[in-house]
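Q: starting from these lines, generate the structure:
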Amino acid sequence: MINNLYRLVDANINRLSEAIRVVEDISRFIFNDKTTTKKLKNLRHRCQIGNYDKLLQNRNIKGDIAKQSTKSELSRENIKDIAVASFKRAEQSSRVLEEVFKMSKKNSSDYFKQLRYELYDIEKYFNKNQS
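A: Numbering: from 1, shown residues only. You can find the predicted model right below:
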């Protein structure tokens, strides 16, 4: 059970930082939005926790029963669709981390809750300014 919790945390930390990176690069290279890019970069760098070796040790890509993409994940119509999907992925991952850490690390749970709220604010700003 403990090893599977490390897997869950590892997957969601990776998903969170990767999703933020996608939107960060869209903001940087497509929209040249320095303010949003800086906020996203700062947020992405804050998506780290200790126990990297433990997380890596328990990573099990071959044993992941849901690693295949769904049909909707394979199709994006435009840059905005990519950004929206990435924001949602980041928000969901931060929520998972928030909930999991309620079992053991209240400070970490609060940390990911705050990070999720920051993502909501950045998403609103991004959407308003890139529409």
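
Q: and what about the residue nearest the centre of the chain, helix, strand or coil?
A: Geometric centre of the chain, nearest residue: residue 16, 1.6 Å, by C-alpha atoms, centre = their mean. Look at residue 16: counting by DSSP: H, G, I helix; E, B strand; the rest coil, its state is helix.

Q: leaving out the residues flanking it, which one is nearest to it?
A: Nearest residue to residue 16 in three dimensions, chain neighbours excluded: residue 93, at 3.9 Å (C-beta to C-beta, 6 or more residues apart in numbering). In this view, the C-beta of every residue, glycine as well, is placed from N, C-alpha and C.

Q: quick one, grab the pLDDT at that neighbour.
A: At residue 93, the model reports a pLDDT of 98.

Q: now residue 34
A: In this model, residue 34 carries a pLDDT of 96.

Q: any idea how far it is from residue 24?
A: Relative to residue 24, residue 34 is positioned 12 Å away (C-beta to C-beta, to the nearest Å).

Q: that's all I had, so thanks and see you.
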